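Visitor: What would the 3D arrangement of this be:
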Amino acid sequence: MHYEREKLIRFHHCDPAGIVFYPQYFVLMNELVEDWFDEGLGHPFSTFHGIERLGLPMAHLECDFLLSSRVGDRLTFRLEVEKLGNSSMTLAVTVSHGDSVRIRARLVVVLASMTDGRPVPIAGELRARFARFLAASGD
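Guide: This is a model prediction of the structure:
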């Protein structure tokens with residue numbers, strides 16, 4: 001199973017050349033993760049972050065920028081859980097415009113307490129929700 005979300009590229013995402021300024025893709029991917037919590041996992045990110053005091057800081061990021069995008073493009077962001085570890089998970093993100101893949105990224109995030117910043121085991125209902133999005137080749 002995967003989660004998909006369409007995102008409209010706006011003027012503020014772009015550099016003076018009129019193409020998406022690459023750091024903006026990371027902002028859009030972070031929005032994707034928040035949307036995934038709200039819509040895909042059925043676990044509001046505001047509750048996860050604000051009440052449960054948990055976060056998903058980035059531990060590692062790999063990204064291939066294959067083709068540029070411009071203002072007005074409607075990009076499809078697709079997320080799958082590639083690997084689910086004890087306190088971390090690897091998220092595979094593909095960004096496309098129609099049949100054209102623009103970005104491929106692999107994000108390793110760590111479930112962490114916002115109180116002390118330390119890793120927290122992924123367990124219980126949250127683990128079950130994440131596991132629903134494991135890629136076919138995932139563990």
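
Visitor: Tell me which helix or strand the most centrally placed residue in the chain sits in.
Guide: Centroid-nearest residue in the chain, with CA atoms, centre = their mean: residue 33, separated by 3.8 Å. If you go by DSSP states H and E, residue 33 is part of helix 23-35.

Visitor: got a list of what the nearest residue to residue 120 once chain neighbours are set aside touches?
Guide: Among residues not flanking residue 120 along the chain, residue 111 sits closest, at 4.9 Å (CB to CB, 6 or more residues apart in numbering). For every residue, glycine as well, the C-beta is placed using N, CA and C. Residue 111 sits next to 54, 55, 56, 87, 88, 89, 119, 120, 121, 122, 126 when contact means CB atoms under 8 Å, 6 or more residues apart in numbering.

Visitor: Quick check: the first one vs residue 108, distance?
Guide: Taken as CB to CB, to the nearest Å, the spacing of residue 54 relative to residue 108 amounts to 16 Å.

Visitor: One more: the second one?
Guide: In this structure, residue 55 and residue 108 are 14 Å apart, going by CB to CB.

Visitor: With residue 51 instead?
Guide: In terms of CB to CB, residue 51 sits 25 Å off from residue 108.
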